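Undergrad: Let me see the structure of the following:
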Amino acid sequence: MSHKLKIAGWVAVGAVAGALTTVQLQAVARNTLTPLPLEELQQLAAVFGMVKTDYVEPVDEKQLISDAISGMVASLDPHSQYFDKKSFKEFREGTSGRFVGVGIEITMEDGLVKVVSPIEDSPAFRAGLKSGDLITKIDDTAVKGLSINDAVKLMRGEPRTKVLLTIFRKDENRTFPVTITREEIKTQSVKTKVVEPGYAWVRVSQFQDRTIEDFSRKVEALYKEDPKLKGVVLDLRNDPGGLLDAAVALSAAFLPENVTVVSTNGQLADSKSVYTAAPQHYLRRGGTDPIKRLSENTKGFLKTVPLVVLVNEGSASASEIVAGALQDHKRAKILGSQTFGKGSVQTVRPLGPDTGLKLTTARYYTPSGKSIQATGIVPDVMVDETLEGNVFAALRTREADLQKHLGNGNEAKAAETPMTDAQRAAEQLREQEREVARKRLEEESKKNPGQRLVPEFGSEKDFQLQQALNQLKGQPVIISKTQTTRPPEKKEN
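TA: Residues are numbered from 1 along each chain as shown. Just a heads-up that it's a prediction; the model follows:
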């Protein structure tokens, strides 16, 4: 386990983009020889030759081969991927939770980059950028018309290089330039606070290298602030994943030692694994155990404190592992919406110093043996995101909506079972909800351009958080009247 890096997804801060994968990074490519289809390979070589000699303009041979590999791998499923030099570097940055940039979380508003918040002690933080600031230019490039990913790329760069940002501050009605020197940024994936006396909110937005250390340190601070906590809300909404060992460690913080957290199964021998709530399954490099330290410094209160976990359609991969483990062991009540359904494992094998292959090699299973691939975790209590209902959840894409998604292994059984009238009605209702949500989004966007349409997680207006607190207190919870469990998806090729 020490020589393998297990990864369950990544989010680049600012880009707001998740890979939604569970991967295993191996140091050496597997040297497996299999019979090759010679006739098809001859055709491939012939096509390569024709393109090289007959195409209307010269082509880059190396780029042709790279694109051919990318196409072959991408045809398998949504999560298998060939990494060229650039994408491999970005992937490694994402899983480490570190990147070189200015240190801001951003979104888009009216075609401009809006600062959600500067990361504490980052160059942007020290330069005085504030939440709500609009970035109109990055160096000499106007932001209007750029995608958020293009803007992120312009702001990132090499350490100690400078970038000139032109800022418009609405509340002061002025535009001014700020020169910022890029640094390595460490993203913050854990937020905590006592939302009211006796009850704490712990948000994990992704699982990265520093997540468990940050989690342990911040929960210790919570405990010191209020040693008599009566309940904890673990918020995994819109958490697209992260390091698998971090997911196992987070589960271990709440579960008895050595119980099963997750298992994997595939064709390869090393794809058949069981991960338990034990240090050997989440400490990759040895050293001190932050989960053990946390338990000792808080008298083990996380093992017994009443717990509610919030999930939604954006909760995927590693966050589903945690939710599934806590649900199966009856350690927590799961509230919210059915999760994304990302239950496959990818193995990343370097093909050289700068390129690699991410290939789906296994499915993972909750402690009770359920595959959540293309199904997800079904909450114990379905709760909408607002009192008026799920505003735009119907528009969110889940694993089962992706083309060529991997099945969960039960397709034959599902195919033999015809869809019931209730399931058929639920499908029709879902399509109607999508159309209503589309129209509502258009109307709300016109009325309130650039405004947040769903309350911020952890705020006083966070409806689902309030219902989670009601659940902890034994008070009535407003259950969704419209949400239904999505039926098992039939595999389509």
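Undergrad: Identify all contacting residues around whichever helix or strand residue 201 is part of.
TA: Element membership of residue 201, judged by DSSP states H and E, is strand 199-204. With Cβ atoms under 8 Å, 6 or more residues apart in numbering as the test, strand 199-204 has contacts from 189-195, 211, 215, 218-219, 222, 226, 229-236, 239, 250, 319, 457-458, 465, 469, 472-473. Quick note: C-beta positions are derived from backbone N, CA and C, even for glycine.
Undergrad: what is the mean pLDDT for the helix or strand harbouring residue 90?
TA: When elements are assigned from DSSP H and E, residue 90 belongs to helix 85-96. Averaged across helix 85-96, pLDDT comes to 75.
Undergrad: now stretch 210-224
TA: 95.
Undergrad: just how off-centre is it within its chain?
TA: 21 Å (Cα atoms, centre = their mean, to the nearest Å).
Undergrad: Need the contact partners of it.
TA: If you take Cβ under 8 Å, 6+ apart as the criterion, stretch 210-224 is touched by 97, 186, 188-194, 200, 202, 204, 229, 242-243, 246, 249-250, 253, 282, 290-291, 293-294, 297-298, 301-302.
Undergrad: Same question for stretch 158-173.
TA: 100, 102, 112, 129-130, 132-139, 154-155, 157, 174-184.
Undergrad: Swap in 6 Å and give it another go.
TA: Contacts to stretch 158-173, defined as Cβ atoms under 6 Å, 6 or more residues apart in numbering, come from residues 100, 133-137, 139, 155, 175-182.
Undergrad: The stretch 51-200 of the chain: strands as residue ranges?
TA: Taking DSSP state E, counting those that start in this stretch as the criterion, the stretch 51-200 of the chain carries its strands at 81-83, 98-101, 104-109, 112-118, 134-138, 141-142, 162-169, 174-181, 183-186, 190-196, 199-204.
Undergrad: Out of the ones you listed, which is closest to residue 326?
TA: When those are compared by Cβ to Cβ, strand 199-204 sits nearest residue 326, at 12.5 Å.
Undergrad: Partner strands of the closest one, with direction?
TA: strand 190-196 (antiparallel), strand 231-235 (parallel) (DSSP bridges).
Undergrad: Going by residue numbers, what spans are strands in the stretch 201-350 of the chain?
TA: For the stretch 201-350 of the chain, the strands defined by DSSP E, counting those that start in this stretch cover 231-235, 260-266, 273-276, 307-311, 333-336, 344-350.
Undergrad: Tell me which of those strands is the most buried.
TA: Mean neighbours per residue, mean count of other Cβ atoms under 10 Å, is largest over the strands of the stretch 201-350 of the chain for strand 307-311, with a mean of 27.
Undergrad: quick check: angle from that strand to strand 231-235?
TA: 20 degrees (axes from the mean of the first three to the mean of the last three Cα atoms, to 10 degrees).
Undergrad: Could you measure from the most centrally placed residue in the chain over to residue 301?
TA: Note on the chain: the residue nearest the mean C-alpha position is residue 240, at 1.3 Å, using Cα atoms, centre = their mean. Distance, residue 240 to residue 301, by Cβ to Cβ, to the nearest Å: 29 Å.
Undergrad: What average pLDDT does the longest strand along the chain get?
TA: Longest strand of the chain, by residue count under DSSP state E: strand 356-365. Mean pLDDT, strand 356-365: 90.
Undergrad: which neighbours does the next helix or strand after it have in its sheet, and in what orientation?
TA: Sequence-wise, the next helix or strand downstream of strand 356-365 (DSSP H and E) is strand 381-382. With DSSP bridges as the test, strand 381-382 is paired with strand 333-336 (parallel).
Undergrad: could I have the strand it pairs with exported to CSV, CA atoms only?
TA: Presented in CSV, the C-alpha positions along strand 333-336 are these (Å, rounded to 0.1, in the frame of the first residue of the first chain):
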residue,chain,number,x,y,z
LYS,A,333,-28.0,9.5,8.9
ILE,A,334,-27.6,10.5,5.3
LEU,A,335,-29.7,13.5,4.2
GLY,A,336,-30.1,15.2,0.9
